[in-house]
Structures are given as C-alpha cells and as structure tokens.
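Peer 1: build the 3D model from these lines:
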Amino acid sequence: MIKVYKTDDHIVHEKTAPEAGAWIQLIQPTVNECKLIAEQLQMDVDDILTILDEEERARIEFEDNYTLIIVDIPTSDIRHAKSTYTTIPLGIILTDNLIVTVCTKDTPILQRFARGRVRDFSTKKKMRFVYQMLFFISSFYQMNLRTIDKKRSEIEERFLGDAEEVDLIELHELSSTLVYFATSLRANGVVLERISRTRKLEQFDEDVDLLEDVIIENQQAIEMTNIYQNIINGTRELISSINDNRLNNVMKYLTSITIVMAIPTVISGFYGMNVDAKWMPFASVAHGFGIICGLTIVICGITMLVLKKKKMM
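Peer 2: Sure thing, here's the model as predicted:
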C-alpha cells in the first residue's frame, strides 16, 4: 500500500501522487509497488525489498542520489498463543526533495505523523522528520519495556499463589523479547552514532539538538532493557527457589507419613511371626488385640509429635 502525505502550515494532507516536499509511506508494499517507487526515485529496487526482510540489520548507506537508513522498531507479536513483542525493520529513504518510509506493518509510530499528532511536524524538513521518528521509536521501546515489567510483576504475584506452566512460558517469552530489544537498540545506537558523525546530511542547529535527545533516549532504553533483563533473571531464580522449597516440603511431609505408617506395619509383622504365643506380649491376654492397637496408636501419636517438633510435618 502506498500513501503520500504533505504538510502545509503544520497540517497533514493526503495527496494522490508524489510531489516535492512530500512523504511517501509504503506499508507492506507489493513487489510491483516497490518497483514503481524505485523507478520514480531512480533507486535500486533491492534496497526497498531488503527492508521487507524481518531479519535485515539496522544500518545507514549513502548512495549517489539518496540515503538509506534502516532501524529496528518494536511491534506486537503472537508466540505460543500469547501476545508479546518483537522487532521489525523500518526503512527511511532520503532523496533531494522526498522522504520515503518502508515497513511491513502500519506501526503506531508512523500513524502519529500521518494523523498530525506530532508537534512541529513538517514533511519538508526531512532530517527533523527523521529525528522525530527516531525519538518516538526510542520512546515506544521504553513504553513497551514498562508494559513488559508490569507483566513480569503480575506473573510474580500469581506465582506466590498457585502458578501454572503458562506463567513460566510467558516469563520465558518476556525474557526472549528483552533479548530482541537489547540487540535492536544497540544496532540503532550504532546508526545514531554514525548519523551524528556524518556531514553528508543537511541539517539545522536545532536538528542537532534533537539528535542528541534521540541518542539519550535510545541509551535510556538500552539501560532499561538491561535492568529488566536482570530483574527477570532474578524472578526466574526466585521461582526456581520457590519450586525447590515446595518440593522439599512435600518430600518431608511424605517422609514423615511413611515413618508413621511404618510403625503399625512393624508391630503387626512381629505378631505375624510363627512363634510360641507365650513369648508375645498380650498374646494370651483378654482384649489383647485392642491393647496392641491402642499402644500402636499411642506410639504413632508420639512419633508424630516428635516429627512435628522437629518441623518434619
């Protein structure tokens, strides 16, 4: 899908065809649409098609008549029937009088620009537009990171009660998401550093200040990711310790029950031996069976008290 936008007096208008100072947005474009834009902009169509590869790495390339910037952005995903996050490439192509964005999804980051919800947004100021996009990408990472930490807290609270396997799977998915985020944010940081060092991109002084803010936001997102990774690792260790403790308690309880139940078995085994009755206590006494059963119960009771005192039950 191809959409064309242009701002006039900070108001976003949708156009029917590309024109100078416009923004061309490609959302999950077909091969024919990619060829059409590549022909209009006199660029290599492979540069557009590579952006559609979800494994494409973040980078910046300078060509003769355009500049290609690829960064990773967060997006929602479904894994193991659970809603989670992943990262996908976002391509930004800068020409002399146009800016083109290419993505496989209609991301909320670009929706804010298309709906005119970004202050001081102008399609004619290409580098400011790029820096604004990069700023919102870093902010979007931070927002998703806070959501991930909230889900982790919910899993931790549920685990203090009765945890299920689905909680462990969800915790693993959150940990995997943080790995994706950390890798993508570091790659984006490399792109930002290269942009800050280059002199090939025309920009104003206020754009430089905005780029510094973007670099700071990206670094904060990296630090948040590292912190949440450590917290999730701590949560997984806590869950493992809780499971081990619960298993130990069950084993102690079963062991205590086995000890108590062994007492009647041993006593009845003695009286089941084929020996002269005169050598067996209470064997020839009236109500001897009741007396033996009573003594067995008393011994079992004493044993249970001893085990309980030693916190075995």
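
Peer 1: so how far is the longest helix anywhere in the chain from its chain's centroid?
Peer 2: Assignment by DSSP state H gives helix 205-271 as the longest helix of the chain. Taking Cα atoms, centre = their mean, to the nearest Å, one finds helix 205-271 lying 17 Å from the centre of the chain it belongs to.

Peer 1: which SSE is immediately downstream of it?
Peer 2: helix 288-309 (DSSP states H and E).

Peer 1: how about that following helix: buried residues?
Peer 2: By neighbour count with 16 or more other Cβ atoms under 10 Å, helix 288-309 contains the buried residues 292, 296, 300, 303, 304, 307. Where you see a C-beta, it was placed from the backbone N, CA and C, and this is true even at glycine.

Peer 1: my guess is residue 282 contacts residue 294. True?
Peer 2: No: using Cβ atoms under 8 Å, residue 282 is not in contact with residue 294; the gap is 10.2 Å.

Peer 1: how about residue 26: what's its closest non-neighbour residue?
Peer 2: residue 102 (4.5 Å; Cβ to Cβ, 6 or more residues apart in numbering).

Peer 1: picking that back up, next, the angle from the longest helix of the chain to helix 288-309.
Peer 2: Per axes from the mean of the first three to the mean of the last three Cα atoms, to 10 degrees, the angle that helix 205-271 makes with helix 288-309 is 160 degrees.

Peer 1: for helix 205-271, give the mean pLDDT please.
Peer 2: In this model, helix 205-271 carries a mean pLDDT of 85.

Peer 1: how about stretch 32-39?
Peer 2: 88.

Peer 1: and if you look at stretch 149-165?
Peer 2: The pLDDT scores in stretch 149-165 average 76.

Peer 1: follow-up on the earlier one: any idea how far the residue nearest to residue 26 is from residue 214?
Peer 2: Here the criterion is Cβ to Cβ, to the nearest Å. By it, residue 102 lies 20 Å from residue 214.

Peer 1: also residue 172?
Peer 2: Taking Cβ to Cβ as the measure, residue 172 falls 32 Å from residue 214.

Peer 1: of these two, which one has the most company?
Peer 2: Comparing residue 172 with residue 214 by neighbour count (other Cβ atoms under 10 Å), the higher total belongs to residue 214, at 24 against 14.

Peer 1: so what's the more buried one up against?
Peer 2: Residues in contact with residue 214 (Cβ atoms under 8 Å, 6 or more residues apart in numbering) are 131, 134, 135, 138, 192.

Peer 1: phi, psi of residue 100?
Peer 2: Backbone torsions of residue 100, given as degrees, to the nearest 10, read phi -120, psi 130.

Peer 1: what's the local residue count around the residue nearest to it when sequence neighbours are not counted?
Peer 2: Spatially, and ignoring its direct neighbours in sequence, residue 100 is nearest to residue 93 (4.0 Å; Cβ to Cβ, 6+ apart). Residue 93 is flanked by 24 other residues according to other Cβ under 10 Å.

Peer 1: what's the helix or strand containing residue 93 packed up against?
Peer 2: Take DSSP H and E as the rule and residue 93 turns out to sit in strand 82-94. Applying 3 or more Cβ pairs under 8 Å, 6 or more residues apart in numbering; DSSP states H and E, we find strand 82-94 packed against helix 45-51, strand 67-79, strand 98-103, helix 126-159, helix 165-197.

Peer 1: quick one: buried residues of the last one?
Peer 2: Within helix 165-197, the residues that qualify as buried are 167, 170-171, 173-175, 177-178, 180-182, 184-185, 187-189, 191-192, 195, counting by 16+ other Cβ under 10 Å.

Peer 1: run the angle between it and strand 82-94 for me.
Peer 2: Using the same axes, to 10 degrees, helix 165-197 lies at 10 degrees relative to strand 82-94.
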